[in-house]
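In: Here's a sequence, model it:
(2 chains)
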Amino acid sequence: MRRLRPAAPFLRPAIAALLVAAAAAWGAPTPTPPAAGGAGVYRVLDVLCDVMGIIQRDYIEPVGTETLVQYALRGMLSSLDPYSHLVPAAAAPAAAEPPGTYGLEVAYGDRLLRVVSPVEGGPAWRAGVRSGDVVLKIDGEAVEERQLVELRDLFRGGAADLAIEVARRGERDLLTFTLKPGTIEGPPARAEKLDADIGLLRIGRFDDGTAAGAASCLGELAAGGAGSLVLDLRDCPAGDVEAAVAVADLLLPEGAPIASLTGRVEGVQREFVSVRSPAFEGRPIVVLVNGGTSGAAEVLAGALRADRRGLLMGAKSFGSAFEERSFPLKDGSSLVLIAAVYRTPDGRLLQGEGLAVDVEVPPPAPAGEREGGGRVEEEGPDPVVRRAVDLIKGIRIIGATGGVDP
Amino acid sequence: MMVRKAALTAAACVAALLAIHRNSAAPGRVSDRDLRRQLDIFVSAMDVVGRNYYRETEERDLAYGALKGMCAALDPHSQFMDEEIYREMKVETEGQFGGLGIEITIKEQFLTVVAPIEDTPAFKEGIKPGDRIVEIEGEPTNDLTLIEAVRKLRGPPGTVVRITVMRQGSADLIPFSITRANIQIQSVKDASLIAPGVGYIRLTQFQEHTGADLDRALRSLEKEGMRALVLDMRNNPGGLLQVAIEIAEKFIGDRRLIVYTKGRLESQSSEFKARSRATHPDLLLAVLVNKGSASGSEIVAGALQDWKRAVVVGNTTFGKGSVQSVLPLADGSALRLTTARYFTPGGRVIQKVGIEPDIPVEMTDEEEVKLLVKRRLEKMLADNPDAEDLDREREEIGQLVDVRDLPLERAVELLQGLLAYRRSEDGREGALAGGTPPSGG
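Out: Numbering: from 1, shown residues only, chains lettered A, B, ... in the order given. As a prediction, this is how the structure comes out:
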């Protein structure tokens, strides 16, 4: 079967500009005509028409053409990835900014709606929701039938309280949380001295304040004599990739590649490169990641790993770093597609893959066997952080590991 | 130029589709313009994806995704089969394959166990009705169609398959490793007299020899003095339609209607009547069903109920009463489509509704499961009377001693009452032998 041709060169700039708000695309006229023709498409459509005809004639219930086409579109998009989706014509344009956020990233896995991670300091995090929780009910309604897209919107924020019922590994009973829309509290970055000369930088989220926060934390650690760093990116859900790039800039030498954004739409390609000399020269850097590490945090971890300045420790990251774009159809609905994905400088694809770790450390025991929450700062010595400190000491004693000079 | 080509393609498509529509007597014919508009939208969407998605895509993958999506608008038994799956389906229906011994369906979007079949690996490992299979060999099952799931579960006998199950009341997912076996099931089981004059037979499913086996069991119980029978079809997931009809006609006979199918097309409708005389027209019957009784067992229960040949005791049945046709497509793929539904002789639809018992005897899921466990343990101990490593099982069964089979007890009491009534009303047993024509369509 022949492939569809790549992007046509005559795309309108309005569509082609990176990260242009969906609104720009909404206003654009009907999309450009098919770039592909000939036997391939013809045969494919032939089968599609056949099936539609058969269903409408033989199926036990009458089914409308529009229903079938809508389901066909959804099926086509969900065969691509879990994020690309159809926005119906009737849908109201997304509200600019919800009055309050819940601070929660979710995704489907094993047919279950799982919390990728709550944002540290956000309403869901404060309520006690944790990475890996399985959401069974929202406001008393089972989530089974709902689409990820709709749920992502729902959890993005709102004005009303949201009651969720979750199952948690190690807990016999279901847990109920009431999420109050609010703000993310506490600084996005935090420093801690772990050992005489080993510092910890914890980044809980990537937003406007993260880069500045991380810079001052790193300054503080360097001033305190830290020669090596544990960078904790566990349970750090999707956020602003620009902020992650800025943090990478603080840690990587000038000229070092950070990430690339690749896609087929004209103008979508981007290369991110470190433009300053590093604010923190110490090494090695052990980067802690886990299944709740997603998006921007994965871009940062991947950059440090590719530079061989950082070793990854913990568990495989979630695997989601992309930019989506909206493409209008002539009936007023639109397709939201993953238009570009981030790659690490050594060419690793994050989307759908995740970052494998250099040193695997199983997560702490489930909550049932411990008292209190699962947060680093609430618990005293965090076993994963301890392993990272051990590793740094070991590297210093024995020498080169993974390209790190003694 | 591209514009023209796409428009032509869509136009050809529309023409083909319209031809199909004109040839059919389908109600609710779609207007040409609407169809053209809808197809046009699809064609342009496919193109948008083809040009703008972050990586290149295959037209075929997009179309197959669309076809799968289209079938998602239909019931769980309707599905699109790509070439490979269709080919394997054809092989599988002919060949011998090892399996786990479970009947599965998709319910509320989950791959769900209707019932484990007794004496199979799944039954022995403790798979329970209602279990949701969320992983097969570590792969999530959420995107699988029913056929794909069956294909993954089957394999050569002796090989192991790992599944992960989500069970109500259990916070954790439960992993199982089950060794596949040739599933050869004794479908007629536990035939015995359980009270004076009252026999008991369990039908676990309808397979090739079920009719003959049932005949033998009935004859031998009649020799022992059986005059009433409890026919237990709980957790019977169905099987061969012809065999279900064969079972019903032993008790109904006289060319009476047992089940009929109806679709939107005349050609999808047909009637299935008893071919012969009933071999046991006067035997007093109580039928046990539960929510694990599906398809063929619902057809039998529905027919016996409508002809007033049996009193149905237990819980409402599963509600699987649809007929699927496999329609090959031009490119080697095929469509499996629900084209008709089964109706009881009295005109009741089985699909989704199920058969309502005349005498409802509620059993909670927990009680059902306990009963199943008890039966499994009893069987294990009976098979290995001298085994010394079964102390835990003996202890476990000790705790289940109070588990009662209430529906069975109620059915036996009822039949004993009816036998007594028949004796006192001697000569008027026609009133009890049943055979009143069903009312309705």
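In: Same question for the helix or strand residue A:216 falls within: list its buried residues.
Out: For residue A:216, the element it lies in under DSSP states H and E is helix A:210-223. Buried residues in helix A:210-223, counted by 16 or more other Cβ atoms under 10 Å in any protein chain shown: A:210-211, A:213-215, A:217-218, A:221-222. In short, each C-beta sits where N, CA and C put it, glycine included.
In: and if you look at stretch B:195-210?
Out: B:197-207, B:210.
In: what's the answer for stretch B:344-364, then?
Out: Using 16+ other Cβ under 10 Å as the test for burial, stretch B:344-364 gives B:344-346, B:348-351, B:354-355, B:357, B:361, B:363.
In: between these, which is closest to residue A:118?
Out: Proximity of those to residue A:118 (Cβ to Cβ) peaks at residue B:363, which lies at 41.3 Å.
In: Tell me which helix or strand the closest one sits in.
Out: Per DSSP H and E, there is no helix or strand for residue B:363.
In: give the contact list for it.
Out: By Cβ atoms under 8 Å, 6 or more residues apart in numbering or on different chains, the contact list for residue B:363 reads B:290, B:314-315, B:371, B:406-407.
In: Filter the residues you listed down to the buried ones.
Out: The neighbour count (16+ other Cβ under 10 Å) marks B:290, B:314-315, B:371, B:407 as buried among the contacts of residue B:363.
In: Pick out the lowest-pLDDT one from those.
Out: Lowest pLDDT among the buried ones among the contacts of residue B:363: residue B:371, with 82.
In: Break down the stretch 101-250 of chain B into its helices, ranges please.
Out: Counting by DSSP state H, counting those that start in this stretch, one finds helices in the stretch 101-250 of chain B at the ranges B:121-125, B:146-153, B:210-223, B:241-251.
In: Report the inter-axis angle for the third one versus helix B:241-251.
Out: Counting by axes from the mean of the first three to the mean of the last three Cα atoms, to 10 degrees, helix B:210-223 lies at 20 degrees to helix B:241-251.
In: quick revisit: closest one to residue A:160 among the helices of the stretch 101-250 of chain B?
Out: Closest approach to residue A:160 among the helices of the stretch 101-250 of chain B is made by helix B:146-153 (38.6 Å; Cβ to Cβ).
In: what does the lengthiest strand in chain B contact?
Out: When chain B is parsed with DSSP state E, its longest strand is strand B:334-343. Contacts to strand B:334-343, defined as Cβ under 8 Å, 6+ apart, come from residues A:51, A:54-55, A:58-60, B:71, B:74-75, B:77-81, B:86, B:89, B:147, B:259-263, B:265, B:268-269, B:298-299, B:321-329, B:349-351, B:441.
In: Would you mind extracting the C-alpha trace of it into CSV?
Out: The C-alpha trace of strand B:334-343 is given here as CSV (Å, rounded to 0.1, in the frame of the first residue of the first chain):
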residue,chain,number,x,y,z
ALA,B,334,-14.8,-9.4,6.6
LEU,B,335,-17.6,-8.0,8.6
ARG,B,336,-19.2,-9.9,11.4
LEU,B,337,-22.6,-8.3,11.9
THR,B,338,-25.6,-8.9,14.1
THR,B,339,-28.4,-9.4,11.6
ALA,B,340,-31.2,-10.9,13.6
ARG,B,341,-32.4,-11.6,17.1
TYR,B,342,-33.9,-14.6,18.7
PHE,B,343,-37.4,-14.5,19.9
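In: Would you tell me what the next helix or strand after that strand is?
Out: With DSSP H and E, the next secondary element past strand B:334-343 is strand B:359-360.
In: Paired strands for that following strand, with orientation please.
Out: strand B:311-314 (parallel) (DSSP bridges).
In: So what's the gap between the strand it pairs with and the chain middle?
Out: Between the centre of strand B:311-314 and the centre of its chain there are 19 Å (Cα atoms, centre = their mean, to the nearest Å).
In: Where does the prediction get shaky in chain B?
Out: Low-confidence segments of chain B (pLDDT under 70): B:1-32, B:91-97, B:184-185, B:380, B:383-390, B:392, B:426-441.
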